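Asks: A predicted structure for the sequence below; I have some questions about it.
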Amino acid sequence: MIGYATIGTNDFEKSRAFYDKVLTALGGKRSFASDRMQGFSGKGGAMLAVCKPYDGGKAAPGNGNMLALAAPSREVVDKTYADALANGATDEGAPGLRGDTFYGAYFRDLDGNKICVFKSG
């Protein structure tokens, strides 16, 4: 149902390099690009994009907003989380079960956007 999601950045080049590394285990690679936006696509068809805000203002994460990225396995959740932390992300919840079948990990990217990577089922 989701076609794409965008998250703001205040350092476009740093953010692109961060997601190059963090999305690798999920199969994410650079796709659509412009002078203010970089998209990353994988096998699922949806795109994640980092962008400089259109209005030229400062990018700021919303309170309560979170982007969730589906992983094919718990091992990929673990790897993506480790790659994020190794590249400057901050911990928002180590990998583990939440409920009976939801395995997730949480981090904030370089701009403070909250990201969950998960395997359900």
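Replies: Nice, I can see it. Residues are numbered from 1 along each chain as shown.
Asks: pLDDT of the longest strand seen in the chain, averaged?
Replies: As assigned by DSSP state E, the longest strand anywhere in the chain is strand 90-98. In this model, strand 90-98 carries a mean pLDDT of 97.
Asks: Return the distance of it from the chain's centre.
Replies: 14 Å (C-alpha atoms, centre = their mean, to the nearest Å).
Asks: Quick one: residues contacting residue 119.
Replies: 70, 71, 72, 73, 74, 76, 77, 103, 104 (C-beta atoms under 8 Å, 6 or more residues apart in numbering). C-beta: built from backbone N, CA, C; applies to glycine.
Asks: Now the buried members of the residues you listed.
Replies: Buried members of the contacts of residue 119, counted by 16 or more other C-beta atoms under 10 Å: 70, 71, 74, 76, 77, 103, 104.
Asks: Show me which positions of the longest strand of the chain end up buried.
Replies: So for strand 90-98, counting by 16+ other C-beta under 10 Å, buried means residue 95.
Asks: between the helix or strand following it and strand 90-98, how many degrees?
Replies: Scanning forward in sequence from strand 90-98 by DSSP states H and E, the next helix or strand is strand 102-108. Per axes from the mean of the first three to the mean of the last three C-alpha atoms, to 10 degrees, the angle that strand 102-108 makes with strand 90-98 is 170 degrees.
Asks: Need the contact partners of strand 102-108.
Replies: 61, 66, 68, 74, 77-78, 80-81, 84-85, 89-98, 114-120.
Asks: The nearest residue to residue 65 once chain neighbours are set aside: what's it in contact with?
Replies: Excluding the flanking residues, the one nearest residue 65 by C-beta to C-beta, 6 or more residues apart in numbering is residue 114, at 6.9 Å. When contacts are counted by C-beta under 8 Å, 6+ apart, residue 114 touches 61, 65, 66, 67, 92, 106, 107, 108.
Asks: so what's residue 114 bridging to?
Replies: Beta bridges link residue 114 to residue 108 when assigned by DSSP bridges.
Asks: Give me the phi and psi for residue 23.
Replies: Phi and psi for residue 23, reported as degrees, to the nearest 10, are phi -90, psi 0.
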